[in-house]
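Peer 1: Give me a model of this one.
(one chain, ligands or ions: 2)
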Amino acid sequence: MDPVEQLREEHENIKRGLKLLNIAGRMADDGSLPQNETDKLLTFFKNYADIGHHQKEEDILFVKLLNINTDLKSSSSPISVLSEQHVQGRNLMNKLKLMDDRFSLFVTDYNSLLQRHIEIEDEVFPVLVEDNLNNSEISAIYLEFQNVDSNLNLYSYLKILDQLEVFLL
Ligand SMILES: [Fe+2]
Ligand SMILES: [Fe+2]
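Peer 2: Numbers count the residues shown, from 1 in each chain. Ligands and ions are numbered 1, 2, ... in the order given. I've put the predicted structure just below:
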């Protein structure tokens, strides 16, 4: 598989998580936020989406692209915009973890940020990779992604989604 395709598949899993998070947000408004399930869902976002997926982008893909094409370092480049959105996502995740009475507001903000973020990435990643990287660089990125997956046991977090889809959908 190519690394762009792998990131796109991970985006689909993150969107599965967002669907569940929106449900938890509505339940919070009704005064019935399921604490345990929400806690598991936030663990999914922290470990799968942020530590696994976003760091794969930042520490591997973005680093390679920036080394090869220094124009991408400009503040208006897609890499800069996407990196800033990762920071915003981490800040919102810290607010979500409070699970306080603003929970559903933070869910709305986090959902719109990540939906938009994923939309941009699915559109620009194929072009950025095609324009800047050769086949051996693309294969090297894919190998590095596999290392991250096995080091973090990333697929294990998909079980959280499977369980919560049974409970919440
Ligand atoms: Fe991202
Ligand atoms: Fe992404």
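Peer 1: pretty sure Gln35 contacts Met99?
Peer 2: Yes - Gln35 is in contact with Met99 according to CB atoms under 8 Å; the separation is 6.9 Å. Every residue, glycine included, has its C-beta placed from N, CA and C.
Peer 1: and these two? which has more neighbours close in?
Peer 2: Met99 (16 against 9; other CB atoms under 10 Å).
Peer 1: what about the more buried one, is that helix, strand or coil?
Peer 2: coil (DSSP: H, G, I helix; E, B strand; the rest coil).
Peer 1: Isn't it up against Thr38?
Peer 2: Yes - shown here, Met99 and Thr38 form a contact pair, counting by CB under 8 Å, at 6.4 Å.
Peer 1: Give me the helices and strands touching the longest helix along the chain, please.
Peer 2: In the chain, taking DSSP state H as the definition, the longest helix is helix 103-132. Counting contacts by 3 or more CB pairs under 8 Å, 6 or more residues apart in numbering; DSSP states H and E, helix 103-132 is packed against helix 3-29, helix 63-68, helix 78-96.
Peer 1: Not counting whatever helix or strand comes next after the first one itself, show me its contacts.
Peer 2: Using DSSP states H and E, the helix or strand that follows helix 3-29 in sequence is helix 35-44. Contacts of helix 35-44 from elsewhere in the structure, counted by CB atoms under 8 Å, 6 or more residues apart in numbering, are 17, 20-21, 24, 93, 96-97, 99, 157, 160-161, 163-164, 167-168.
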